[in-house]
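Colleague: Build the 3D model from these lines:
(4 chains, ligands or ions: 2)
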Amino acid sequence: MKIEEIRKMFPALQGMMNGKPLVYLDNSATSQKPREVIDLIDKMNGGMNANVHRSVYKLGDDVTELFEKARDTVAKFINAPERENIIFTYGTTSSINLVASCYCARFLEHGDSILVTGDAHHSNLVPWQLAAERVGASVKILPLKENGEWDMAYLGNLLDKSVKIVAATHISNVLGLVNPVKKLTELAHSLGIPVLVDGAQGVVHSKVDVRDLDCDFYAFSGHKIYAATGTGVLYGKKKWLEEMPPYMSGGEMIDKVTYAHTTFAGIPLKFEAGTPNFTGTASFIPALDFAARVSSGDLKEPVEKETGEIVKYLSTELPKIDGLRLYGLHEKGNTENKVPVFSVSIEGCFPSDIAQILDKLGIAVRTGHMCAEPLMNRFGVTSMVRASFACYNTLQEAKFYLECLNKAVRMLR
Amino acid sequence: MKIEEIRKMFPALQGMMNGKPLVYLDNSATSQKPREVIDLIDKMNGGMNANVHRSVYKLGDDVTELFEKARDTVAKFINAPERENIIFTYGTTSSINLVASCYCARFLEHGDSILVTGDAHHSNLVPWQLAAERVGASVKILPLKENGEWDMAYLGNLLDKSVKIVAATHISNVLGLVNPVKKLTELAHSLGIPVLVDGAQGVVHSKVDVRDLDCDFYAFSGHKIYAATGTGVLYGKKKWLEEMPPYMSGGEMIDKVTYAHTTFAGIPLKFEAGTPNFTGTASFIPALDFAARVSSGDLKEPVEKETGEIVKYLSTELPKIDGLRLYGLHEKGNTENKVPVFSVSIEGCFPSDIAQILDKLGIAVRTGHMCAEPLMNRFGVTSMVRASFACYNTLQEAKFYLECLNKAVRMLR
Amino acid sequence: MKIQDIENEIVEEFSAFTDWMDKYEYLIDLGKNLPIIDNGYKTDGNLINGCQSRVWLSCTISDGKLYFSADSDAIITKGIISLLIRVFNGQSPEDILKSDLGFIDKIGLKENLSPTRANGLLSMIKQIKLYALAFSEKRRDIKEEKINKKEGEK
Amino acid sequence: MKIQDIENEIVEEFSAFTDWMDKYEYLIDLGKNLPIIDNGYKTDGNLINGCQSRVWLSCTISDGKLYFSADSDAIITKGIISLLIRVFNGQSPEDILKSDLGFIDKIGLKENLSPTRANGLLSMIKQIKLYALAFSEKRRDIKEEKINKKEGEK
Ligand SMILES: Cc1ncc(COP(=O)(O)O)c(C=O)c1O
Ligand SMILES: Cc1ncc(COP(=O)(O)O)c(C=O)c1O
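Modeller: Ligands and ions are numbered 1, 2, ... in the order given. Predicted coordinates for the structure are as follows:
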C-alpha cells in the first residue's frame, strides 16, 4: 500500500497507453517525475526565472541561491567532501566526455592505455576510444563472465603501469548488477591509477557514498533520478579538477579575458561554461530529496521490500519461459547484488516484436542494443528486451509483465 | 494595449520584486516564458515523458515525434534548407564550442588564424582562443568604431589567406546593434572563408534567414527566446557538418560500436550524444511559434511600434543625463539598426550601486562586464548598466526606468 | 490489379478484425509465410538498417513490372512487408511512384511506419520508390535484369 | 566598546529609518565619508575581486588590536564596509573571530552579503577573519607591524 502512495506522487503513472493503464518499465532509460519536481519547474518558468550568477537584483539572487542550493543537495546526497566537487553538466554522457577530454588532455600520452569495464554503456566507452585515438593510446577491456559479472581474474594483468585511468560501470543498464567498484578502486589506487565511475544507474539503485567508494570521478544524469532532462552531475576529486584544463569555455567561467588571453575561474565554475540549465538543475533539490527518502529515509523499507520481491519473482519466473536467457544474475541465483533491471532474449521471438505486443497491452519496455553494442556481441545477440523497474513499480506490475510476455511469446511462436 | 495582452501571456511579468511590480529589463540575459511553453513542459514532465529515439512504445513515439517536430520548427523559423542542418545543443555557448572544437580539429592548422569581431561575447571569443592555442594558430580581432559598429575599414587587411573561419556577433549583448553580417559573409566567402554567427541576441531581435545571410553556422540559445533553459541550436551547412568529427560521444550518435572501434551516425544525430534535453527542446515548438508571431505574424506590428518608440525614447533621453555615456548607437542618432538594448556608464555612479537602487524600485537590470570584458576595455570601463527590453516591455516601463535611473543618480552623487 | 484496388482489398480484409490482437496474429501469420528471400540476396547490399530490426529487400524487373522479395528479423515487420509486397508486386514503376500507401493508416498500423520506430519499414518504402524511380528513368535503355540496391540508388 | 555593543548601536540607529531609501542614502553618505585607503595600500595584494565591485582592504595591528582601512569602487558597498570597520576596528583578534555580524541581517542588508551578489563583501569579511586568525596565532611572537593579505592568509 505504501507503494501505491508513492505512485500517487507521480502524475505520469496515472496515465494510459493504447487505452490500457500505463505500466512503465523503461525506467533505466528515463524516470518519471514526482509532483514536487514538476511544481518547482513550473514555479521557476512561471516567475522565479532570471539568469544566475552576478545579477544585482532580488529575482536573480533567488534563482542563483536555488541553483547553488542544488549543488549542496547533490554534494550531500553522494556525500561529497565539498560543494566544489560538484560540477553541473547536461547528463552522464556530458560528464564522462568532460573527463575523457580534459583529464586525457592533461594526463594521457602516446602508448598509455585506458581500462574500461566490458559492461560499459557507449557513453562510457566511445569517449575513451576517441581520447585514446587522439594521442595514440589504447583502450583495454575488462572481460565479463558468462553471468555478466566482471571477470576480476583478468584485472591483475590488465592493470599495469600503462593504464592512466579506469572507466567503470557502477551498475550496467543491461545487466542490473551492482559491480564491486570499491574493490576495483582500491586495486587501481594501489597503482596510483584514478577511477571514473559511470553512476547513471548506480545512483538510482544504490546508496552512493563517493567518499566510501573513494572513486576519483562519479558521473550521473538528472533525468534518470526524478529530475529534469538536460541535467547531469560530475563529481570529481579536487586534485584532478584543479589540474584539468576547462572543457567548454565562455560566459562566467573566466577570471580575466582580454582579446589576447584568458584566465579561468576556480572550480566548479571553470567547468560550467555558458548559461547553465538553471531551472532543470534546481530540480535536483526536490528530486534528490525524494531519492533520499527512498535510499535512506521513510520510503526505504517499503521500496526495498517491494523491489526485493520483484527481483526474486522475476529472477525465478523469467527463466521458466522456454528458450529465455536472462542476462546478469549472480551465481547460484543469488539476487543480493541484482537490481530490478531484467534484460532477456527469447529464442524464436525477436525483441521488437515482443515490445510491440507489450506496447498494445500498455507496457513500456526497451529493446535494441541499449547503447551497449559490444555487450550484445559478448552474448551473441543484436538486441534484448529490457524491463527496468523503479521505486514506484509494484510486484503486481511485474506479474502482469510476465503474463504479457508469455502471451507475446505464444503469439509469436 | 496589444502589448498589455502580450504581457498577460507571461505569468512572470505579473510578479513583484521587493514589494514593487516587477519591471524586468534583463531580457538579454534570459527571457521570460509564455504560458504555452510553461504548459508544454508541465505536460511533458507530468506524463508525456519517455526517452527519445528507438523506443517501441506509444509514449516513446509521442515524445520522439515532439522532439523531432521541434527540429522542424527551428528549421522553418530560421529558414534552414533541411531539418538535418539543425543540431540541438544546450545553448549558444555549447553550439560555438562544438564548432570551435570540431571545425578547428579538422580545418585549423599551425600558423592559421581565426577572425573574431571585437564585440564578441566571451562565448564567441574564448573557445576560439583555446582552439587556436591547441594548434598554434592565432586569433585576430575586427576592431570597433567609437560608436560600437564594426570598423569595416580594417576588414580588407584582416581577411587574408591565413584566416580559416570568421566568428561574428549578429547583435552584441552590450551594444544592441544589428551588425552587417551578410556583408561580412559575402566578403569572407569571396575568399572561401566560412563564417559562424553568434545569434544569441540576433535571433531574438531580428528576423533570421540563414539562407539569406548565407552564413555557415548560426548559434543561439533557447532560454533567451522564450524556450526552456538548457536548450540551444547550432545551424550548420551540411558540407561542414558532414566533414566535422563528432563532438561529444556516447548514446545514440553511433552507427556501430565494438570494443575496438566505433563508427558514427549521420547528421544531426552524430552531434547529439547522450540523452538530449528532450523536454526543454520540445519547448522550442511553442516558444518559436510565439516568436514567429512577433517577428512576422500578428504581433509584429504592435511590437515593432512599441519597440521603435522605446528605442527612440531612450536613445534621446538617456544621453541627457549628465555624465552618461550610451554605448552602441549608429552615427547621427540613426536608430534603424538599434535594438532595445541600452548599456550605459555614468560618471561618478558605479554600475552596481545603480542596479541596487533600481532593484529596490522593482527594476531588474544587468551590470558588470556582461561577459564581454575586452569590449569593456575597449571603452575604458570595467562595468556598465544594461537595460534590455523584450517584446513584452512597454514604453511606460522605459519611462519608469529613466525616472528611476535619474533618482539613482541623484542619490549617488 | 491496380495498387488502389489491392489497398482497398486489404482494408476490407482488416475490417474483419475486431481488436489489435487478431490483427497482429494475422500479421504474424503473414510474416511467417512471407517467402524468405534467397540467401543469395540477403547481402549487405540489400540490407536496410533500421536500428530495431533489419530489413533485406531485393528487386527484379520483368516485362516492365517490378517484383520484390524481402525479409526481416522481426516477424511483425515481416508481416507488414508482406502487405507492401502484395501491393507493389507486378506494378509498373510509375504506379509505384504515385502510390501513397494510405491503407497502412486505415488498417491502424501507422505507428509501424513512423520514423521513431526505426524498424526499417520507412527506409524500405523509400528504397522501393528509389527502385521504381531508377527503372522508370532507365527502362527504355535497359534490359530486364536484376539490380541491387546500390544501382537502384543511382 | 564590545563588538556586540557596537552592533546593537548600529541596529538602534537604523531603526530610525522608515524606508529603504533613507537607509541607502545613509549608507551612501557613510561610503562617501569612509576614509579612503592610502593609495599605497590600494595594491593588488590588498585587492579582493568581487566581480560586481572590487574591494581593497588593509590591516594594521597596534597594542594587540586590529585596525582596518578599506575602499571599494561601489559606494553602497563602501557604506557597508564602513559599518564593518566601525564594528571591527580596535577589537582583539579573538573577538573578531567570534563575531557573527548578526546586525547586517537585522538592519535589512542581508542580500548585500549573499554570495550571489559577488560584490566582494563576503570575501572581505572572510579576509578580516583570516587576518584575525593569523594575528591570534602569531601575536605572541610577532612585533606590531603591518601585514599584507598574502601574509594574513598564511
Ligand atoms: C551575444 C551572446 N553570445 C553568447 C551568449 C551565451 O549564451 P548562453 O549563455 O545561453 O550559452 C550570450 C548570452 O549571454 C550572448 O548574449
Ligand atoms: C549505465 C549508463 N551510462 C550512461 C548513460 C547515458 O546517460 P545519458 O543519456 O543521460 O547521458 C546511461 C543511460 O542511458 C546509462 O544507463
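Colleague: helices and strands of the chain: which one has the lowest mean pLDDT?
Modeller: With no chain named, the answer covers chain A. strand A:254-257 (a mean of 90; mean pLDDT, DSSP states H and E).
Colleague: what element comes up after that one heading to the C-terminus?
Modeller: strand A:262-264 (DSSP states H and E).
Colleague: starting at the chain centroid, how far to that following strand?
Modeller: Its chain's C-alpha centre and that of strand A:262-264 lie 32 Å apart, by C-alpha atoms, centre = their mean, to the nearest Å.
Colleague: That strand vs chain B: in contact?
Modeller: Yes - applying C-beta under 8 Å from any C-beta of the partner chain, one finds strand A:262-264 in contact with chain B at A:Thr262. Any C-beta I mention is one placed from the backbone N, CA and C, and that applies to glycine too.
Colleague: List the neighbouring strands of that strand plus their orientation.
Modeller: strand A:254-257 (antiparallel) (DSSP bridges).
Colleague: What residues of the strand it pairs with count as buried?
Modeller: A:254, A:257 (16 or more other C-beta atoms under 10 Å in any protein chain shown).
Colleague: Mind checking if it is in reach of ligand 1?
Modeller: No - legend: contact between strand A:254-257 and ligand 1 by C-beta under 6 Å from any ligand atom is lacking; minimum distance shown is 12.5 Å.
Colleague: what are the C-alpha coordinates of that strand, in CSV please?
Modeller: Taking Å, rounded to 0.1, in the frame of the first residue of the first chain, the C-alpha atoms of strand A:254-257 are listed here in CSV:
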residue,chain,number,x,y,z
ILE,A,254,36.5,33.0,-16.7
ASP,A,255,38.7,35.0,-14.4
LYS,A,256,40.0,37.6,-16.8
VAL,A,257,39.5,37.9,-20.5
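Colleague: Give me the below-cutoff pLDDT ranges for the chain.
Modeller: No chain was given, so I picked chain A. Applying pLDDT under 70 to chain A flags the ranges A:1, A:333.
Colleague: could you do chain C instead?
Modeller: Using pLDDT under 70, chain C drops low at C:50, C:138-154.
Colleague: wait, doesn't A:Tyr235 sit right on A:Asp216?
Modeller: No - contact between A:Tyr235 and A:Asp216 fails when scored by C-beta atoms under 8 Å: they sit 9.1 Å apart.
Colleague: ok, and the closest non-adjacent residue to the residue in chain C that chain D sits nearest to?
Modeller: Closest residue of chain C to chain D, C-beta to the nearest C-beta: C:Thr116 (41.9 Å). Counting by C-beta to C-beta, 6 or more residues apart in numbering or on different chains, B:Thr64 is the residue found nearest to C:Thr116 once chain neighbours are left out, at 3.8 Å.
Colleague: That neighbour contacts B:Val56, correct?
Modeller: No - B:Thr64 is beyond contact range of B:Val56, at 11.0 Å (criterion: C-beta under 8 Å).
Colleague: which one of those two has more residues nearby?
Modeller: Applying other C-beta atoms under 10 Å in any protein chain shown to B:Thr64 and B:Val56 shows that B:Val56 carries more neighbours, namely 31 against 22.
Colleague: Give the helix, strand or coil label for that one.
Modeller: Three-state assignment for B:Val56 (DSSP: H, G, I helix; E, B strand; the rest coil): coil.
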